[in-house]
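>>> Predicted coordinates and the sequence they were generated for:
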Amino acid sequence: MHGVSKRFPGVIALDSVDISLAPGEVVALLGENGAGKSTLMKIIGGVYQADAGSLIVDDVPCTFRSPSEALDKCIRVVFQELSVLENLDISENIFLGRELRKAGLVDRKKMRELTVGYLEKVGLKRPPSTPVAALSIAERQLVEIARAFSMKVRYLILDEPTSSLTLEESNRLFEIIADLKNEGVGIFYISHRLDEIGVVADRVVGLRDGKNAGALTKEEITHEAMVKLMVGREIAPSVNAGPTTASEVVLEIKELRTSRYPNIPVSFSIRSGEILGLAGLVGAGRSEVTRALFGIDPAQGTIALKGETLKVRSPRDAINAGMFLVPEDRRNAGLTTTMSVGENIVLPAWHKFSALGLKKQHPARKYATEGVQQLNVKTPSIDQIAANLSGGNQQKVVLARWLQMNPKVMIIDEPTRGIDVGSKAEIYTELRRLAAQGLAILMVSSDMEEVLAVSDRIGVMHEGHLSGILDRKDATEEAIMNLAVGGAK
Ligand SMILES: Nc1ncnc2c1ncn2[C@@H]1O[C@H](COP(=O)(O)OP(=O)(O)OP(=O)(O)O)[C@@H](O)[C@H]1O
Ligand SMILES: [Mg+2]
């Protein structure tokens, strides 16, 4: 690509960007939230058209007016915002738009047979007939990846493919990437997990505010060099959990049985000032616990808040009691993407303000603006439609919404999914600050570094069981992995 520019109302997303990719090469694209990475990839994938500049594929200048034109050139994109369809099953998603047929009819059996192989390759243990609606975000991510691999591909774009995968699934993906490389496939790889980039990338290209910000050769790739490339300055290392100031028990869970694991009771408690991290492999049942606590899925067992038993039949009950969930799935359960940033932040707090509408001078505007400032959300104004924010900034809006509500218990599923290193550190500091104010926090995370950096104690789940809770001082990557794969404490 030469001199590629792209403008949206009020935003210059790309400003004369140059980038190249050779067959068999993995180029990592680095940049803070909103730097323009996804926009650049969407131009290659035919989702957006550039305002200026050229895209050259195999020496031929191309303009893709739609994703199917990019597909014709064997360019496959695994988008950051997952595009699997909930009302179809796994195999139907994988073969969407190119269904296998036999005597004119869709050949479900054949599609399912082939799907078994693809799922095995990415490590997803679900039957091909499972409806996607029943899958967690990480599992959907694996389906999305399996779909890309199931087709003939010459250039592959992976936009944060591992953002909700744990170490094991990510490692499997890296093996697949190595195979594809050997077959001569060129890959653009985007991730905010910097440790991965050293593993997969042959070269790093930096973007800052929509412009080229330099590049690193394989030999130059270090954590420090990557951070500097992204943010143009060095950042403080992420916080380590401070001494536990835990006192009274705020949240107590006794024998919680979720609908996915009805025969496995889970019990734990969280004290005021404490962050309990919840680790485990994809499908271990962590998100099910958070959904049950928040009243999204029916569950059995006792939930007590500050000693009082709480009946949580719906999210409304949880919210009224001061227990909030920041879900892993920000597109469906977190953010209303058609509303503005400000409306999203004010949404659960409307009762505090007299009139609807974010008009001038309205106190709700101040409330929303504070939320945006507290988490440093990158948006031209609070009136921007949430869908137009970059992925990481959408996540910050969801966090800002609940932080503005002064919660007692905060349940956070993948708090920094898709968030850049600088903002991650800000969010960790914010979580620690909230805990210090007496909040009890339950944090589900697939990012091992994050779990270790932020938690006071770490609960590890394996196939629905809470297989152990480690104190911070005993928690190492090995100890967590051991419990996560079903080992004893
Ligand atoms: N459809 C759109 N309409 C308006 N603005 C947009 C649109 N898509 C992207 N933008 C803006 O363009 C800029 C670049 O966004 P982009 O999604 O490319 O960032 P990114 O580097 O992928 O960030 P992240 O790491 O958060 O995913 C952002 O300021 C974003 O708000
Ligand atoms: Mg992006």
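Happy to help now that I have it. Numbering: from 1, shown residues only. Ligands and ions are numbered 1, 2, ... in the order given.
>>> hmm, stretch 66-78 touching ligand 2?
No - applying Cβ under 5 Å from the ion, one finds stretch 66-78 out of contact with ligand 2, separated by at least 11.8 Å. Where you see a C-beta, it was placed from the backbone N, CA and C, and this is true even at glycine.
>>> Going forward, the N-terminal residue is numbered 31.
Will do, 31 is the new start, and the previous item becomes stretch 96-108.
>>> and that stretch, how far apart are its ends?
15 Å (Cα to Cα, to the nearest Å).
>>> anything in it near ligand 1?
No - remark: stretch 96-108 sits outside contact range of ligand 1, by Cβ under 6 Å from any ligand atom, the gap being at least 12.7 Å.
>>> Any buried residues in that stretch, and which?
Using 16 or more other Cβ atoms under 10 Å as the burial criterion, the residues of stretch 96-108 that qualify are 97, 100-101, 103, 105-108.
>>> And the helix or strand of the chain with the lowest mean pLDDT, what does it pack against?
Using mean pLDDT, DSSP states H and E, the weakest-scoring helix or strand in the chain turns out to be helix 451-466, at a mean of 82. With contacts taken as 3 or more Cβ pairs under 8 Å, 6 or more residues apart in numbering; DSSP states H and E, helix 451-466 sits against helix 253-261, strand 305-310, helix 421-433, strand 470-474, helix 478-484.
>>> returning to what we had before: just the ones of the buried residues of stretch 96-108 in strands?
Using DSSP state E, the subset of the buried residues of stretch 96-108 located in strands is 105-108.
>>> and which of those is nearest residue 134?
Of all these, residue 134 sits closest to residue 106, with 27.7 Å by Cβ to Cβ.
>>> Does the closest one have any beta-bridge partners, and if so which?
Taking DSSP bridges as the rule, residue 106 bridges to residue 186.
>>> Am I right that it is in contact with residue 181?
Yes - Residue 106 lies in contact with residue 181 (Cβ atoms under 8 Å); the separation is 6.2 Å.
>>> Is stretch 225-239 positioned near ligand 1?
No - figure legend: stretch 225-239 not in contact with ligand 1 (Cβ under 6 Å from any ligand atom); closest approach 6.6 Å.
>>> follow-up on the earlier one: in the ones in strands among the buried residues of stretch 96-108, which two residues are the furthest apart from each other?
Comparing every pair within these by Cβ to Cβ identifies 105 and 108 as the most remote, at 11.6 Å.
>>> rewinding a little: kindly reformat the ones in strands among the buried residues of stretch 96-108 as a markdown table containing pLDDT.
Putting those into a markdown table (pLDDT from 0 to 100) gives the following:
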| residue | pLDDT |
| --- | --- |
| 105 | 93 |
| 106 | 91 |
| 107 | 91 |
| 108 | 90 |
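>>> Which single one of those residues is nearest to residue 442?
Set against residue 442, the nearest of these by Cβ to Cβ is residue 108 (25.0 Å).
>>> which residues touch the closest residue to ligand 2 within the stretch 181-330 of the chain?
Nearest residue of the stretch 181-330 of the chain to ligand 2: residue 189, at 5.9 Å (Cβ to the ion). Counting by Cβ atoms under 8 Å, 6 or more residues apart in numbering, residue 189 makes contact with 67-68, 71, 107-110, 220.
>>> Recalculate using a threshold of 7 Å.
Contact analysis of residue 189 by Cβ atoms under 7 Å, 6 or more residues apart in numbering lists 68, 71, 108-110, 220.
>>> Please check these and keep the buried ones.
68, 71, 108-110, 220.
>>> so which two of the residues you listed are the farthest from each other?
68 and 108 (11.5 Å).
>>> Distance to residue 173 for the contacts of residue 189 - can I get that in a markdown table?
Below are these laid out as a markdown table (distance: Cβ to Cβ, whole Å):
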| residue | distance to residue 173 |
| --- | --- |
| 68 | 20 |
| 71 | 20 |
| 108 | 10 |
| 109 | 13 |
| 110 | 15 |
| 220 | 19 |
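>>> Let me know the closest of these to ligand 2.
residue 68 (3.1 Å).
>>> Doesn't that closest one lie inside a helix?
Yes - checked against DSSP: H, G, I helix; E, B strand; the rest coil, residue 68 lies within a helix.
>>> What number of residues are in the vicinity of the closest residue to ligand 2 within the stretch 281-430 of the chain?
Residue of the stretch 281-430 of the chain nearest ligand 2, by Cβ to the ion: residue 421 (4.4 Å). Number of residues near residue 421 (other Cβ atoms under 10 Å) recorded here: 23.
>>> what's the distance between it and residue 427?
To residue 427, residue 421 is 11 Å away according to Cβ to Cβ, to the nearest Å.
>>> residues in contact with stretch 512-519?
Counting by Cβ under 7 Å, 6+ apart, 309-311, 314, 490, 492, 497-498 sit against stretch 512-519.
>>> could you redo the last one with a cut-off of 10 Å?
By Cβ atoms under 10 Å, 6 or more residues apart in numbering, the residues outside stretch 512-519 that reach it are 196-198, 309-311, 314, 478, 488-493, 495-500, 504-506, 508-509, 511.
>>> circling back to that earlier point, what touches both of residue 105 and residue 108?
Counting by Cβ under 10 Å, 6+ apart, the contacts common to residue 105 and residue 108 are 71, 75, 186-187.
>>> Take the residues you listed and write them to JSON lines, including pLDDT.
Below are the shared contacts of residue 105 and residue 108 laid out as JSON lines (pLDDT from 0 to 100):
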{"residue": "71", "pLDDT": "96"}
{"residue": "75", "pLDDT": "94"}
{"residue": "186", "pLDDT": "94"}
{"residue": "187", "pLDDT": "95"}
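>>> what is in contact with residue 68 and residue 108 at once?
With Cβ under 10 Å, 6+ apart, residue 68 and residue 108 have common neighbours 75, 187, 189-190, 220.
>>> In strands, which of the residues you listed appear?
Reading strands off the shared contacts of residue 68 and residue 108 with DSSP E, I get 187, 189, 220.
>>> next SSE after the helix or strand harbouring residue 355?
Assigned by DSSP states H and E, residue 355 falls within strand 353-356. Using DSSP H and E, the helix or strand that follows strand 353-356 towards the C-terminus is helix 371-376.
>>> helices or strands next to that next one in the packing?
The contact analysis (3 or more Cβ pairs under 10 Å, 6 or more residues apart in numbering; DSSP states H and E) places helix 371-376 against helix 393-404, helix 421-433.
>>> Now find how far off-centre it is within its chain.
20 Å (Cα atoms, centre = their mean, to the nearest Å).
>>> Could you check that helix against ligand 1 for contacts?
No - judged by Cβ under 6 Å from any ligand atom, helix 371-376 stays clear of ligand 1, getting no closer than 10.1 Å.
>>> Convert the C-alpha atoms of that helix to CSV, please.
Provided in CSV are the C-alpha atoms of helix 371-376 (Å, rounded to 0.1, in the frame of the first residue of the first chain):
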residue,chain,number,x,y,z
VAL,A,371,-20.7,7.4,23.6
GLY,A,372,-22.4,9.8,26.1
GLU,A,373,-25.8,8.0,26.0
ASN,A,374,-24.0,4.7,26.6
ILE,A,375,-22.3,6.0,29.7
VAL,A,376,-25.4,7.6,31.1
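>>> Can you give the domain ranges for the chain?
Under the assignment automatic domain parsing, the domains of the chain span 32-261, 279-514.
>>> mind checking the end-to-end distance for the longest one?
One end of domain 279-514 sits 26 Å from the other (Cα to Cα).
>>> still on that earlier bit, now for the helices and strands packed on helix 451-466, which one comes closest to residue 211?
The closest of the helices and strands packed on helix 451-466 to residue 211 is helix 253-261. By Cβ to Cβ, the value is 20.4 Å.
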